[in-house]
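K.L.:
from the sequence below, what's the structure:
(one chain, ligands or ions: 2)
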Amino acid sequence: MGNRTFTMIKPDAVRGGHIGAILEKINAGGFKIVAMKMTKLSAEKAGEFYAIHKERPFYQELVDFMSSGPIVAAILEKDNAVEDFRTLIGATNPAEAAPGTIRALYATNVGENAVHGSDSDENATIESNFHFAGVDVFA
Ligand code: DAT
Ligand code: MG
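P.N.:
Ligands and ions are numbered 1, 2, ... in the order given. The predicted structure is shown next:
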C-alpha cells in the first residue's frame, strides 16, 4: 500500500462539468482511487473542515463557497501521495499554477480553485476520516 491523500473536487469544478476531466488527470497521475462519493457540505461542516483558517479574512467566503453546491470527495493512494498530488493540482492561486496542472486548467480564481489536496500525511488522515467511514475505503 502506498501513501494516501484526500481530495475534493470543489463546487466550481462540479458546476463547470469538470468531474470527468479531473478524474482522468488523477488516474493519469498514477493515483488509485480507494474511496469516492458525491456529497454536499453544510455550512457547518465546511466551517469545521476549514477550521484551521478561521482567523483568515477569506474564511466566511470559503465556507459559503464550499457549501454552495455538491462536491466529489475521494481518498487517493500512491507513493508520496500528498506531495505528488499537490504538484498535480498546482498552486492555490490558478494564476500562479504551473501549466497543465488541475488548477491551471479548471480553477476559477484563488478562492474557487477547483480542487482540494491535503498538505501533510497527518491532515490526509484527519480529512479522510472526516468524510469516510473505514468500511467505505477499499484498499
Ligand atoms: P490550498 O487549498 O492550496 O491548500 P490554503 O490551505 O492556503 O490553500 O487555503 C485553503 C483554501 O482557502 C484555498 O483552497 C482557497 C481559499 N483561499 C486561500 N487563500 C485565499 C485568498 N487569498 N483569497 C480567497 N480564498 C483563499
Ligand atoms: Mg490547504
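K.L.:
around ligand 1, which positions in this protein sit nearby?
P.N.:
Within reach of ligand 1 by CB under 6 Å from any ligand atom, the chain has these residues: 53, 58, 61-62, 92, 110-111, 113, 116, 119. C-beta coordinates here come from the backbone N, C-alpha and C atoms, glycine included.
K.L.:
just the buried members of those?
P.N.:
62, 111, 113, 116 (16 or more other CB atoms under 10 Å).
K.L.:
closest to Ala28 out of these?
P.N.:
His116 (19.0 Å; CB to CB).
K.L.:
which strand residues bridge the closest residue to the closest one other than its chain neighbours?
P.N.:
Spatially, and ignoring its direct neighbours in sequence, His116 is nearest to Met8 (4.2 Å; CB to CB, 6 or more residues apart in numbering). For Met8, the beta-bridge partners are Ala73, His116 (DSSP bridges).
K.L.:
Met8 touches Val72, doesn't it?
P.N.:
Yes. If you go by CB atoms under 8 Å, Met8 and Val72 touch, sitting 6.8 Å apart.
K.L.:
between those two, who's got more neighbours?
P.N.:
Taking neighbours as other CB atoms under 10 Å, Met8 and Val72 compare with Met8 leading, 21 against 18.
K.L.:
need the contact list for the more buried one.
P.N.:
71-74, 115-116 (CB atoms under 8 Å, 6 or more residues apart in numbering).
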